[in-house]
Each structure stands twice: as C-alpha cells, then as structure tokens.
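Engineer: I would like to see how this sequence folds:
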Amino acid sequence: MSKIAVLCGGVGAARFLRGLMHTTDHADITAIVNTADDMRLHGLAISPDLDTCTYTLAEVINPDTGWGLVGETWQAKDTLDRYGGQTWFGLGDRDLGTHLYRTQRLHEGATLAQVTREITAAWDLALNIIPMTNDPVRTRVTIAGGETIDFQRYFVERQHADVVTAVEFAGAEQALPAPGVLAAIAQADCLVIAPSNPFVSIDPVLAVPGIRDAVEQRRARNVAVSPIVGGGAIKGPAADLMRSFGHHVSAAGVASVYRSLAEHLVIDTIDLDLASAVEQAGMTPHVTNTMMTSIEVTAALADYTTSAIKPATSQE
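Structural biologist: From the prediction side, this is the model:
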C-alpha cells in the first residue's frame, strides 16, 4: 500500500483530499494542514482550514457557502448583529459547536493535534489530519499603503480586495512541527502539494522550521497540482499574489515557485501549450483535467497526481 502525505490549505485542498479518499486507503493518507489562518474571535479558537477539510471529507460541508456545516442556521449571528457585535466572520449555529469544543479542550490542556484527532474521529474519518504545528502561527499581510493586518481581516472582512506587498508568518520561527508531521513527510511514497494558494496556504506550512527541508530532501517523489488554470485562479487571491510577488500568472509561474519542492507539476489541459515552459522552469509537467467539478473528475485527478511519481518510486 502507498502512503500519501498532502500539504493542505483552503477549499481546493479539501476537495482534492476528497478525491484521494476515493482512490486510496483512508488510513494511508496524511493531510498536513495550514493553521496560520487560525484566529480567536468571541473568545473561541477557530481553525478554518482544519474545519474545511474535516467538513468536506465528512460530506457535511455547507454547499451554499463552501464553509461551515450543511443545514446551518444563523440565530446566534443575528442576535450578535442586533447588539452591534462583530459579525464580519460568520459563525453558524452548528459550526459554533466545533469551536466551543476546540476552545474547551485547548483550555483543558489538550494540543491542537489532539483536538483535531478527536474532532475527525467524531466525524468517522479514518485518514490522519494533522495541523502543521501545535504552536500559534499567524499569517499577516502588508497591504499597499503600509498597513499590516491579520489574514482573516484581509481575506474575509475586506474580501482580499487590497493589493498585498508582503506576507509574514508571525510565530513561525519559534514553532515546532506537530508530532507526526516530519515522519509523514519522510515515510510517504508520494507527497502532494495540493492545489492551494502557494503564498498563504502552502508557505505557512513550509515556514515551520524543519518542514521545508524535509520536503526538499525528497523532491523527486513530490508532485504539486497547479492552482492556476488558464492564467487565473479558480478561487481566491492566488493570481493577485503571484502578480504582486513578481511571478507570471500561469502554470509556468507556479513551476518557478515550486521547483525546489517537487519534481513534478500537474497542470490543466487548457495549459497544455505551457508544458515546455514548465519544464524550462525546472519541473516535469503532467497534463490532465484539474477542474474538480464532480467527485468522479476529482478522484481521477487524485489518481493521476499520485501516479505521476510511481516511476521514480519504483526505481528506489
């Protein structure tokens, strides 16, 4: 059986993992999830990427929002709004239960990794979802004009409309990889960099000391999925951030970002003409349909992606 580790963050990663669960024994999958998007709001410990992965894989994600739980109601939010409280980050009534539980367990002394195992077990998930670290790391973005704000303020409250000039991961230098992270990377037959935002979903994971080195040391058995298709991002600010940081907004631009991390890059069929540019940028291109429009297409993408490194694995 092949063990697969996936570096994750955001909706694209969650959808990719769901496809992977249709092609791989769940117990052989380890998702290493970005937690630099985490925040405290209303006194609650909120982990958006961990919850998006959990809810998506448990097939209880809210289809109307792409986050939170299906069948959500908003009575607590409506009451908070009546009082003039902060409602820019919407928490549904069902979703609140997750944050209340996480906050309670952390207060009792449990680590974030322990709480995550408890939450995923409650949703009957057999794959291993691990936060990148148990320590607090927070993404902060500097926008045009010089103001530095927390990621969720930029992403949710301001709808990522600002031009970003810099990104930092506060606390990363002092953080340690969560137990199991480095072992999962070292022992994986295939490591996948999910179709996530390179700068605010994948880079925070790599910023935790030891993780980037562990990934780079096994580069030949790593494969990334391009989050840029046809010169744009499927969702979110990935294209804007690539442009801001001087990268071409294309699959070839993604290759220039990821070439030290992975030998292989999966790109969409619409970008077939960029295959040679990807190769010139330092990665081996693999072309398939990357638009995860159905579970069948997503499962096929996951199978194709993990198969990309089988020749390299068989030679070891």
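Engineer: how about low-confidence regions in the stretch 1-150 of the chain?
Structural biologist: 1 (pLDDT under 70).
Engineer: Can you give the domain ranges for the chain?
Structural biologist: If you go by automatic domain parsing, the domain ranges for the chain are 4-63+112-135+179-314, 138-172.
Engineer: Switch these over to a markdown table; also include distance to Leu80 and mean neighbour count.
Structural biologist: Quick note: C-beta positions are derived from backbone N, CA and C, even for glycine. What follows is the domains of the chain, written out as a markdown table (distance: least, Cβ to Cβ, whole Å; neighbours: other Cβ atoms under 10 Å):
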| stretch | distance to Leu80 | mean neighbour count |
| --- | --- | --- |
| domain 4-63+112-135+179-314 | 8 | 20 |
| domain 138-172 | 15 | 16 |
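Engineer: measure Arg82 to Val115 for me?
Structural biologist: 31 Å (Cβ to Cβ, to the nearest Å).
Engineer: hey, where'd the strands end up in the stretch 201-316 of the chain?
Structural biologist: 222-225, 228-229, 232-233, 264-268, 284-288 (DSSP state E, counting those that start in this stretch).
Engineer: from the chain's centre, how far out does the helix or strand where Thr54 lies sit?
Structural biologist: Taking DSSP states H and E as the criterion, Thr54 maps to helix 48-57. Taking the mean of its C-alpha atoms, helix 48-57 sits 10 Å from the chain's own mean (Cα atoms, centre = their mean, to the nearest Å).
Engineer: who does that helix touch, helix- and strand-wise?
Structural biologist: In terms of contacts (3 or more Cβ pairs under 8 Å, 6 or more residues apart in numbering; DSSP states H and E), helix 48-57 is packed against helix 10-20, strand 29-33, helix 112-122, strand 128-131.
Engineer: let's see 10 Å
Structural biologist: strand 4-8, helix 10-20, strand 29-33, helix 93-107, helix 112-122, strand 128-131 (3 or more Cβ pairs under 10 Å, 6 or more residues apart in numbering; DSSP states H and E).
Engineer: Next, the angle from it to helix 93-107.
Structural biologist: With axes from the mean of the first three to the mean of the last three Cα atoms, to 10 degrees as the basis, helix 48-57 and helix 93-107 are set at 130 degrees to each other.
Engineer: for Asp303, what are its contacts?
Structural biologist: 19-20, 22-24, 288 (Cβ atoms under 10 Å, 6 or more residues apart in numbering).
Engineer: Out of the residues you listed, which is nearest to Gly171?
Structural biologist: Using Cβ to Cβ, Leu20 comes nearest to Gly171 of the contacts of Asp303, at 29.8 Å.
Engineer: ok, the residue nearest to that closest one when sequence neighbours are not counted to His99 distance?
Structural biologist: What sits nearest to Leu20 in space, not counting adjacent residues and going by Cβ to Cβ, 6 or more residues apart in numbering, is Ala302, at 4.1 Å. Separation of Ala302 from His99 (Cβ to Cβ): 30 Å.
Engineer: Low-confidence stretches in the stretch 201-316 of the chain?
Structural biologist: Low-confidence segments of the stretch 201-316 of the chain, defined by pLDDT under 70: 310-316.
Engineer: Let me see the ranges of the helices in it.
Structural biologist: 203-207, 211-216, 238-244, 251-258, 275-280, 295-307, 310-314 (DSSP state H, counting those that start in this stretch).
Engineer: What would the fifth one look like as CSV? C-alpha coordinates only.
Structural biologist: So that's helix 275-280. Provided in CSV are the C-alpha atoms of helix 275-280 (Å, rounded to 0.1, in the frame of the first residue of the first chain):
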residue,chain,number,x,y,z
ALA,A,275,4.2,22.2,-20.7
SER,A,276,7.6,23.2,-22.3
ALA,A,277,7.7,26.4,-20.2
VAL,A,278,7.0,24.3,-17.0
GLU,A,279,9.9,22.1,-18.0
GLN,A,280,12.2,25.0,-18.6
